[in-house]
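S.K.: Only the shape, not the letters, is given here:
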């Protein structure tokens, strides 16, 4: 079982790295929920096109944008 080092680092077991295709230098997102840590491997381009449906309103000020976002 992995332990937390004095620098608060954790080594992920090799079999789990292989199963998730995690390699040195990969970025992981870490979330805490109900006293558990959830690791998610960041994928290059995963968010590409996520906001493609948003229409640009160049005349809108920052304040108008904030107000439209909160409803």
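M.R.: Thanks, I have it. Treat the numbers as computed from the prediction; the structure is a model and nothing was measured. Numbers count the residues shown, from 1 in each chain.
S.K.: so what's residue 2 up against?
M.R.: 10-13 (C-beta atoms under 8 Å, 6 or more residues apart in numbering). (C-beta placed from N, C-alpha, C; glycine too.)
S.K.: In a markdown table: those residues, plus distance to residue 43 and pLDDT.
M.R.: Shown next, in a markdown table, are the contacts of residue 2 (distance: C-beta to C-beta, whole Å; pLDDT from 0 to 100):
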| residue | distance to residue 43 | pLDDT |
| --- | --- | --- |
| 10 | 21 | 92 |
| 11 | 22 | 92 |
| 12 | 17 | 93 |
| 13 | 21 | 93 |
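S.K.: okay if I get those residues as JSON lines plus secondary structure and distance to residue 39?
M.R.: Shown next, in JSON lines, are these (DSSP: H, G, I helix; E, B strand; the rest coil; distance: C-beta to C-beta, whole Å):
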{"residue": "10", "secondary structure": "coil", "distance to residue 39": "9"}
{"residue": "11", "secondary structure": "coil", "distance to residue 39": "13"}
{"residue": "12", "secondary structure": "coil", "distance to residue 39": "8"}
{"residue": "13", "secondary structure": "coil", "distance to residue 39": "12"}
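S.K.: could you dump those residues to CSV with neighbour count?
M.R.: Below are the contacts of residue 2 laid out as CSV (neighbours: other C-beta atoms under 10 Å):
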residue, neighbour count
10, 11
11, 10
12, 12
13, 10
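S.K.: which among the residues you listed gets closest to residue 34?
M.R.: Among those, residue 10 lies closest to residue 34 (C-beta to C-beta), at 18.5 Å.
S.K.: these two touch, right, residue 27 and residue 42?
M.R.: Yes: look at residue 27 against residue 42 with C-beta atoms under 8 Å: they come within range, at 4.3 Å.
S.K.: what about the strands in the chain?
M.R.: In the chain, strands defined by DSSP state E lie at 28-33, 36-41, listed in chain order.
S.K.: just checking, what packs against the first one?
M.R.: So that's strand 28-33. Packing partners of strand 28-33 (3 or more C-beta pairs under 8 Å, 6 or more residues apart in numbering; DSSP states H and E): strand 36-41.
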